[in-house]
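[1] Predicted coordinates and the sequence they were generated for:
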Amino acid sequence: MNSISLVCFLLWTGASSFKFEELTQYVNTHEEEFIETLRKWVAVESDSSDVAKRPDLHRMMDMTAEKLRLIGGTVQMIDVGTQASPNGSTIALPKVVTAQFGSDPSKRTVCVYGHVDVQPAKKEDGWATEPYELTDIDGNLYGRGASDNKAPVLAWIHTVEVYKALNIELPVNVKFIIEGMEETGSNGLDEMIEDQKDIFFSDVDYIIISDCVWLSKRPALTYGTRGNCYFFAQVEGPKKDLHSGVYGGTVIEPMTDLIGILDKLISPSGEILIPGIREAVAHLSDEEWKMYQDIEFDMESYKKDIGMDKLMYSNKVDLLAHRWRHPTVSIHGIEGAFSSTGTKTVIPAKVIAKFSIRQVPKMDPATVEKQVTEYLRSVFAKRKSPNKLNVTMVIGAKPWLADPTHPLFEAGKAAVKRVFGTEPDLIREGGTIPIARTFQDVTGKSIIMLPIGGFDDGLHSQNEKISRYNYIEGTKLFIAYLNEVSQIKKY
Ligand SMILES: CC(C)C[C@H](N)C(=O)NCC(=O)O
């Protein structure tokens with residue numbers, strides 16, 4: 001190659017201007033500072049499911065906005081309305097934080113989505129450390145929300161911060177949209193995205209989401225998520241709780257009815273019994289089968305991580321397919337049921353089961369709602385019970401699926417290669433990011449999920465964590481990714 005073509009090549013690849021070493025060196029020297037910020041964020045009990053914690057959640061949104069402002073972003077806090085609280089009053093939803101860094105029309109514009117609300121956590125649930133005190137044990141940073149999704153959001157903010165601190169021009173314009181209700185179905189966000197379609201999103205090329213985890217120790221790029229239809233099934237009987245010795249044997253108990261109908265949702269071998277649900281599942285193509293077969297996934301470490309000797313399926317392809325592309329029913333709990341320690345002998349008067357169905361492409365929440373409601377009513381009717389059943393769907397989040405051959409994924413592969421020296425796995429996610437599908441349908445923009453969390457981070461579980469390694473190397477991955485995206489040619 002002569003010198004002129006070498007210069008052209010360097011310009012084309014961006015290699016001449018990308019100061020990767022300098023940028024990542026800054027990350028290395030600021031590791032402790034980045035962890036301190038995570039510590040402050042984890043300390044905020046931003047549990048979106050508990051209205052009593054709403055002031056903390058508002059504070060978390062303010063802290064997020066402040067952090068983005070401090071590094072020079074044009075920040076807005078968008079009011080997305082109110083929600084009904086359990087006591088019947090209305091309560092303000094947390095504002096959605098948006099930020100913008102750069103508006104150069106000659107550059108690509110990416111929008112990073114994330115959330116800073118968390119699932120509930122109490123030490124007595126079985127945590128080894130205080131859930132809201134970030135605790136470093138052997139290089140793992142334990143705390144509620146550490147991996148889901150505070151560290152990834154911070155890693156993205158730090159990515160911009162590093163460029164700013166070193167006075168290096170960002171290769172793309174970067175926008176942020178950070179919400180505080182993801183864990184309860186992204187309330188208010190769909191409407192906001194509709195409203196902002198031709199405003200905030202008008203110049204956005206791509207949407208990046210880092211709210212998921214790798215499948216193994218190998219980095220991954222995610223091209224699909226399952227949706228989630230969440231139901232309440234309430235059975236109501238006597239007007240008050242009853243003594244089981246005095247009244248037992250004379251009343252048809254709401255809890256017995258409820259357990260009876262719940263048992264008809266899914267068979268012991270995982271077969272969903274609700275008519276119409278299984279029929280909607282797409283056939284696993286030979287191509288997909290081959291893709292799954294090549295994915296790095298160790299069944300033994302999976303079992304060890306969750307503490308199970310036997311799983312529903314004994315081969316990798318079936319297991320992955322049922323984790324990602326088949327629906328499933330999970331029963332989460334029963335409100336009104338006795339659940340403390342001890343031996344209370346009560347017949348609860350009213351019980352509400354909480355269960356959800358993870359759904360896959362071709363399943364529509366409105367159809368699932370009808371199928372589930374009609375089925376449970378018919379199962380309940382057969383019991384000829386005098387009790388009253390009421391079924392409601394409280395979350396209807398759609399699944400999302402992208403084309404893994406899109407240049408966004410090629411850019412992801414190149415960035416992973418640069419930072420981790422390996423090829424990523426192309427994976428799907430069994431969990432749900434409710435807003436992913438809305439982004440796709442409303443804005444028409446392409447989306448990639450670029451996870452940095454580890455496969456064993458324990459999202460929603462006791463002892464959630466992110467490793468220092470994933471947090472810090474993940475930040476470098478984002479730095480490398482922005483550079484790769486800047487080079488994607490317009491179609
Ligand atoms: C692994 C999930 C996609 C992570 C996400 N933050 C989440 O927990 N979503 C809600 C859900 O129930 O899947």
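    Received it, and whenever you're ready, just let me know what you need.
[2] what about the residue in the chain that the ligand sits nearest to, which helix or strand?
    Going by CB to the nearest ligand atom, the ligand is nearest to Gly431 of the chain, at 2.8 Å. Every residue, glycine included, has its C-beta placed from N, CA and C. Per DSSP states H and E: Gly431 is located in neither a helix nor a strand.
[3] quick one, phi/psi of it?
    phi -80, psi -180 (degrees, to the nearest 10).
[4] Could you do Val235 as well?
    Backbone dihedrals for Val235, given as degrees, to the nearest 10, come out at phi -120, psi 130.
[5] For it, give the beta-bridge partners.
    Val351, Leu389 (DSSP bridges).
[6] Now do the contacts for it.
    Counting by CB atoms under 8 Å, 6 or more residues apart in numbering, Val235 makes contact with Pro254, Met255, Asp257, Leu258, Ile261, Lys350, Val351, Ile352, Asn387, Lys388, Leu389.
[7] Find me the pLDDT at the second one, would you?
    Right, the one you point to is Met255. Reading off the confidence values, Met255 has pLDDT 98.
[8] Hmm, it is touching Pro348, no?
    Yes: contact status for Met255 versus Pro348: in contact at 5.7 Å, counting by CB atoms under 8 Å.
[9] So for these two, which residue has more residues nearby?
    Pro348 (24 against 21; other CB atoms under 10 Å).
[10] okay, now the closest residue to the more buried one other than its chain neighbours: neighbour count?
    Spatially, and ignoring its direct neighbours in sequence, Pro348 is nearest to Gly336 (5.0 Å; CB to CB, 6 or more residues apart in numbering). When neighbours are counted by other CB under 10 Å, Gly336 registers 18.
[11] do Leu134 as well
    So Leu134, with other CB under 10 Å, has 25 neighbours.
[12] I'd guess Ala83 is in a strand, am I close?
    Let me fix one detail, which is that residue 83 is Gln and not Ala. Yes: the assignment for Gln83 (DSSP: H, G, I helix; E, B strand; the rest coil) places it in a strand.
[13] who's in contact with it?
    Taking CB under 8 Å, 6+ apart, one finds Thr90, Ile91, Leu93, Asn187, Gly188 in contact with Gln83.
[14] Was I right to think Leu23 contacts Ile479?
    Yes: in this structure Leu23 lies within contact range of Ile479 using CB under 8 Å: 5.0 Å.
[15] neighbour-wise, which of these two wins?
    Shown here are Leu23 and Ile479; by other CB under 10 Å, Ile479 has more neighbours (27 against 21).
[16] So for the strand or helix carrying that one, mean pLDDT?
    In this structure, Ile479 is located in helix 468-486 according to DSSP H and E. The average pLDDT for helix 468-486 rounds to 98.
[17] For that helix, buried residues please.
    Residues of helix 468-486 classed as buried by neighbour count (16 or more other CB atoms under 10 Å): 468, 470-486.
[18] just stretch 285-297 next, same as before
    Of the residues in stretch 285-297, those buried (16+ other CB under 10 Å) are Glu288, Met291, Tyr292, Ile295, Glu296, Phe297.
[19] Next: stretch 392-405.
    Buried, per 16+ other CB under 10 Å, within stretch 392-405: Met393, Ile395, Gly396, Ala397, Lys398, Pro399, Trp400, Leu401, Ala402, Pro404.
[20] now check it, is it near the ligand?
    No: legend: contact between stretch 392-405 and the ligand by CB under 6 Å from any ligand atom is lacking; minimum distance shown is 8.0 Å.
[21] okay, the angle between whatever helix or strand Leu23 lives in and helix 468-486?
    Secondary structure assignment for Leu23, by DSSP H and E: helix 20-29. Between helix 20-29 and helix 468-486, the angle comes out at 150 degrees (axes from the mean of the first three to the mean of the last three CA atoms, to 10 degrees).
[22] May I see the buried residues of helix 20-29?
    Buried residues in helix 20-29 (16+ other CB under 10 Å): Leu23, Thr24, Tyr26, Val27.
[23] Turn the residues you listed into a markdown table, columns for pLDDT.
    Formatted as a markdown table, those follow (pLDDT from 0 to 100):
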| residue | pLDDT |
| --- | --- |
| Leu23 | 98 |
| Thr24 | 98 |
| Tyr26 | 98 |
| Val27 | 98 |
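[24] show me where the stretch 1-150 of the chain has strands.
    Counting by DSSP state E, counting those that start in this stretch, the segments of the stretch 1-150 of the chain that form strands are 74-78, 82-84, 90-92, 96-101, 109-115, 135-137, 140-142.
[25] now the last one: mean pLDDT?
    For strand 140-142, the mean pLDDT works out to 98.
[26] Can you list the strands that that strand pairs with?
    Strand 140-142 is paired, per DSSP bridges, with strand 135-137 (antiparallel), strand 465-467 (antiparallel).
[27] Quick one: name whatever helix or strand follows that strand.
    Strand 140-142 is succeeded, C-terminally, by helix 151-165 (DSSP H and E).
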